[in-house]
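Peer 1: Fold the stuff below for me.
(one chain, ligands or ions: 1)
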Amino acid sequence: MEIVIQPTHADAAVVAARVIEDLLRRKPNAVLGLATGGTPVGLYKELIRLHREAGLDFSGVTSFNLDEYVGIPSDHPASYHRFMHENLFDHVNIPAANIHIPDGNTRDIPKFCADYEEKIRQAGGIDLQVLGIGHDGHIGFNESTSSLVSRTRIKTLTEETIAANQRFFKPGEAVPRHVITMGVGTIIEARTCVMLAFGAGKARAVAAMAEGPITAMCPASILQMHRQTMLVIDPPAAAQLTKTAYYNHVYSNKPDFQKLSAFPVV
Ligand code: PGA
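Peer 2: Residues are numbered from 1 along each chain as shown. Purely as a prediction, here's the structure:
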């Protein structure tokens, strides 16, 4: 895992956007796995800027989102459909037909999930997956104790996640208990993963994920078994890591050919 500590959230977003830009310039029909929540907003802003000011082209891109709430309308202000359109899709030239987000209103959740997996396979697999991390170490909505080989399915959220996401709902409005999420096994099949994490509230999860044991108690820790994962964080999120000096040393001494991206297009 490559750990990149940037001075600010905005700097980190630029680093992550550069990795995606590098991928899209080399592989314009790349398949992106996308995430929602507060974490990737700065990254999406930077991608929009690159689209507007540097001609970054999304016309060949296919996307698969990690997750969606079950049982709220897709135009609900807290839905991930709405989030993705407001924060990225409405501002770049990705074709609507290439966008995939789990349907939280499907009548047949198991069939929808199996079809979602099949669509990812038919698209050739995910080239680059954007990830955030929950305070408990979840990725997607794979809460602690999720199977580390799980596939896309329904999950029940923990009280901690429900409380963390209350801010996206009106005061007093119930946060859905259920979600559809790509599985941990689905996520780690992505050729490259780029995880972002910001703020002191994520420090414990970041340290558990990068330096702790691989355990279903911290589903993100499975990324230690992934060949191409980049973790881009700010200093508060790095505060509980023990080998920070080494990570900074590696990043500042990267050979030129690795500077933009360590990751080959497969
Ligand atoms: P956040 O959520 O980006 O809103 O902090 C991250 C997550 O729960 O995966």
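Peer 1: what secondary structure does residue 196 sit in?
Peer 2: strand (DSSP: H, G, I helix; E, B strand; the rest coil).
Peer 1: what residues are up against it?
Peer 2: Contacts for residue 196 (C-beta atoms under 8 Å, 6 or more residues apart in numbering) come out as 12-13, 16, 39-40, 43, 130-132, 232-233. Quick note: C-beta positions are derived from backbone N, CA and C, even for glycine.
Peer 1: Of those residues, which belong to helices?
Peer 2: Counting by DSSP state H, the contacts of residue 196 place 12-13, 16, 43 in helices.
Peer 1: Tell me where the model's unsure across this structure.
Peer 2: 259-266 (pLDDT under 70).
Peer 1: now the helices for it?
Peer 2: 9-26, 41-54, 80-87, 109-122, 159-165, 184-187, 203-211, 235-238, 244-252.
Peer 1: Quick one: end-to-end distance for stretch 225-245.
Peer 2: One end of stretch 225-245 to the other measures 22 Å (C-alpha to C-alpha, to the nearest Å).
Peer 1: buried sites along that stretch?
Peer 2: Judged by neighbour count using 16 or more other C-beta atoms under 10 Å, the buried positions of stretch 225-245 are 226, 228-234, 236-241.
Peer 1: The residue in the chain positioned nearest to the ligand: what's it in contact with?
Peer 2: Minimum separation of the chain from the ligand (C-beta to the nearest ligand atom) falls at residue 37, amounting to 2.7 Å. By C-beta under 8 Å, 6+ apart, the contact set of residue 37 is residue 132.
Peer 1: Which residues of the chain lie near the ligand?
Peer 2: Selection of the chain residues close to the ligand by C-beta under 6 Å from any ligand atom yields 37-39, 132-134, 138.
Peer 1: Turn the buried ones among those residues into a named ChimeraX selection, would you?
Peer 2: Command for ChimeraX that selects the buried part of these, burial taken from 16+ other C-beta under 10 Å:
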select :37,39,132,133,134,138
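Peer 1: Show only the entries of the residues of the chain next to the ligand found in strands.
Peer 2: Among the residues of the chain next to the ligand, no member falls in strands (DSSP state E).
Peer 1: among the residues of the chain next to the ligand, which two are most distant?
Peer 2: The most widely separated members of these are 38 and 138, with 14.5 Å between them, by C-beta to C-beta.
Peer 1: Could you single out the nearest of the residues of the chain next to the ligand to residue 82?
Peer 2: Scanning the residues of the chain next to the ligand for proximity to residue 82, where the rule is C-beta to C-beta, the winner is residue 37, at 13.3 Å.
Peer 1: if we can go back for a sec, with neighbour count added, can I get the ones in helices among the contacts of residue 196 in TSV?
Peer 2: What follows is the ones in helices among the contacts of residue 196, written out as TSV (neighbours: other C-beta atoms under 10 Å):
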residue	neighbour count
12	25
13	23
16	24
43	27
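Peer 1: Mind putting those into JSON lines with distance to residue 77?
Peer 2: Shown next, in JSON lines, are these (distance: C-beta to C-beta, whole Å):
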{"residue": "12", "distance to residue 77": "26"}
{"residue": "13", "distance to residue 77": "23"}
{"residue": "16", "distance to residue 77": "26"}
{"residue": "43", "distance to residue 77": "21"}
